[in-house]
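K.L.:
Please find the sequence and the predicted model below.
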Amino acid sequence: MKFTALRLAVVAGLMVAGVAHAQEAAVTASAPALPPIKTKSGVLDEPEAGKGQVVFFRPGSIMGIALGCTVREMEGAVVNEVARLGSGKYYVVQVEPGRHEYFTTGERTDTLALEIEPDETYFVKCNIGMGLVAGGANLSPSDREAFAKKAKGLKMWAGHDEDKKKPKG
Amino acid sequence: MPSALGIGYPAKSSGGNGHLGSVHIIAAIAAIVMAGQAAAQPQDASPAPVPPSAAPPAASPTDALRLPAKTLVDIEITQALDSKTAKSGDRFTLRLASPIVVAGQTLVPAGVVGEGEVVHAAKARFGGKAGELVLAARFVDCGAVRVPLGYFKFGAAGENRPGTALAASMVVPFAGLLIAGGEMRVVPGARANAKVRSDVQFTEGAVPACAPPVEVQPQPDGGIS
């Protein structure tokens, strides 16, 4: 009787040890992943393989609500419009690794240079700053945490098609 | 104890309940251990059997002297930087804060120096625009070997700030970063991390030749040691 009880206790102990070992191994087998960032438009994806990803975002604010934040980049001699952000909007672009200089125009031109590495995501915040006459958009480097805090209130800009659909007049 | 477990007792096809119970317990223990190990495997892992001819070759001695790309390194910025005075293209000095160790061998000791570059700098402006600094690590020199660096991020590697941008962040300042009067300042000693940009192959002779510079200490009498 005593031996039977002892055997049962040992078996029970081994069962617990086996489960604990399995759990520990499962934890160490996979590295912890960053939690996905959810916005009003969906989940922020990883960059395309071999490319960098830049997330431009403009938190919702009454400040400068009537002003736009249009992000541009020179491609040779051509001015390329990268994103047009209203209040509470964001936009994601896939870019080739290397140096990129983005700028906005307004009362004054504001420029931000970034050095993009492959498979990395960068965050750029657009603020509407005060000006002597009208104010203007400012681009500033930001980070994942700052974007994640605002993400739930951000909607992705639909691209140039979004502006075409707006009624004129 | 072995008698309690039933281990060592010869299994018998017939006999008293004690012997059959021991066999059952041994079998149960084996099943539990095997189940535990099976559960520890990732669900999507389905390793295919590798024929002997396709087995990977044994690691060569030179593998131990190869510094792989994307190796994370700890660096320390050794000069002050200020968004008010810095300009894009300015170079700054940095050094390795921790040795780079591969396969148990120190390939690059702590203290070796290198350079970084200011990618972007902007002064604080009227209207609430804060100063900005965007930096990049370029390389550290290990004797005659240059280790190219990239993927610069503020904060020591050990702080594990995943997903943070390479730029000085106004939202989450790191140790070594000061925000004074709207300007961004990096103090000497500010920690950052970077990654090796491409594979670097060391030779046997290069590793011991790579030593951090000896700091010259001035003597009170004006001499140096």
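P.N.:
Yep, it's here. From a predicted model like this one, the values you see are computed outputs, not experimental measurements.
K.L.:
Which positions within stretch B:137-152 qualify as buried?
P.N.:
For stretch B:137-152, the neighbour count (16 or more other Cβ atoms under 10 Å in any protein chain shown) marks B:137-140, B:142, B:145, B:147-152 as buried. C-beta: built from backbone N, CA, C; applies to glycine.
K.L.:
swap in stretch B:75-86?
P.N.:
Within stretch B:75-86, judged by 16+ other Cβ under 10 Å, the buried ones are B:75-77, B:81-84, B:86.
K.L.:
and if you look at stretch A:41-60?
P.N.:
Buried, per 16+ other Cβ under 10 Å, within stretch A:41-60: A:44, A:47, A:52-59.
K.L.:
nearest to A:Val124, of those residues?
P.N.:
A:Phe56 (5.0 Å; Cβ to Cβ).
K.L.:
Would you mind confirming that the closest one is in contact with A:Gly86?
P.N.:
No. Between A:Phe56 and A:Gly86 there is no contact under Cβ atoms under 8 Å: 12.0 Å.
K.L.:
May I see the domains of the chain written out as residue ranges?
P.N.:
Since you didn't name a chain, this refers to chain A. A:1-30, A:38-165 (automatic domain parsing).
K.L.:
my bad, chain B
P.N.:
Domains of chain B are assigned by automatic domain parsing as B:2-40, B:63-200.
K.L.:
Over the shortest one, what's the mean pLDDT, rounded is fine.
P.N.:
Spelled out, that is domain B:2-40. Domain B:2-40 shows a mean pLDDT of 46.
K.L.:
next one: the last one
P.N.:
Averaged across domain B:63-200, pLDDT comes to 82.
K.L.:
Let me see the ranges of the strands in chain A.
P.N.:
A:38-39, A:42-43, A:52-58, A:69-75, A:78-85, A:89-95, A:98-104, A:110-116, A:121-129, A:136-142, A:155-156 (DSSP state E).
K.L.:
Count the residues that sit near the residue nearest to A:Val82 when sequence neighbours are not counted.
P.N.:
The shortest distance from A:Val82 to any non-neighbouring residue, by Cβ to Cβ, 6 or more residues apart in numbering or on different chains, is to A:Val71 (4.4 Å). Using other Cβ atoms under 10 Å in any protein chain shown, A:Val71 is surrounded by 23 other residues.
K.L.:
Please determine how far A:Val71 is located from B:Lys123.
P.N.:
Per Cβ to Cβ, to the nearest Å, A:Val71 is found 21 Å from B:Lys123.
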